[in-house]
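*Asks:* for reference, the sequence and a predicted model appear below.
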Amino acid sequence: MPDSAATLGDAAEGIVWATVSGTYGDVVGKVFARAFTAAYGEGPGYSQAGLGYDLAHILISAWQHTADPSDVAGTLAVLRSTRYRGVNGSYTFGTDGQSTVAYPEETSDPSIGNARLVFQIQDGEHVRLGSPPYGDGVFRRPQR
C-alpha cells in the first residue's frame, strides 16, 4: 500500500494523524522495521504490519508456554496471565475486558500500556509527536 505522504506529495505536509496501535520508534520497533524492509523491499508502515507481527508472536509465545498447544483453555489461561512487549507496545489480556491497557488514558505507566501515537507529516516523513516518551519530533504549525 502506498504511503500517504508519498502519494499526496506536498499536499500531505502538516497532516496530523493518530493510531491506538502504532509501531514504536524505539529499538524494538526499529529492528522490526529494518528486518521488514530487508525482507519485503519497502517499509512496514506505522501500524498494521507491526500489529499483525505482534499478534502472531503473542499467540506463538502462548503456545510455547502451554503443555499442549491444542488445549484452547490452557492457551487462553496463558494469554490472560502474561504481558507481551511487541513492536507496537505492551499487551496485557488479564483485564476485565481482556484487551490491552491504553496509555496514557488507562495507565500512567508507558511500559504496561499500548500507547496512542500521534504523527505529523513533515517534509514528506511521518514524525511521531507523542504520546511521551514515544515521540521523536515536535509539532510544526502548517504553513497553509
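*Replies:* Nice, I can see it.

*Asks:* now whichever helix or strand residue 52 is part of: average pLDDT?
*Replies:* Residue 52 belongs to helix 48-64 when assigned by DSSP states H and E. What helix 48-64 shows for mean pLDDT is 95.

*Asks:* stretch 10-24 now?
*Replies:* 92.

*Asks:* change the start of the numbering to 140 and stick with it
*Replies:* With the count now opening at 140, the last piece we talked about shows up as stretch 149-163.

*Asks:* need phi/psi at the residue nearest to residue 154 when sequence neighbours are not counted.
*Replies:* Nearest non-adjacent residue to residue 154, counting by CB to CB, 6 or more residues apart in numbering: residue 260, 4.7 Å away. (Each C-beta comes from the backbone N, C-alpha and C, glycine too.) Main-chain torsions, residue 260, degrees, to the nearest 10: phi -80, psi 120.

*Asks:* and residue 260, how close does it get to residue 254?
*Replies:* 19 Å (CB to CB, to the nearest Å).

*Asks:* show me which of those two is the more surrounded one.
*Replies:* residue 254 (25 against 21; other CB atoms under 10 Å).
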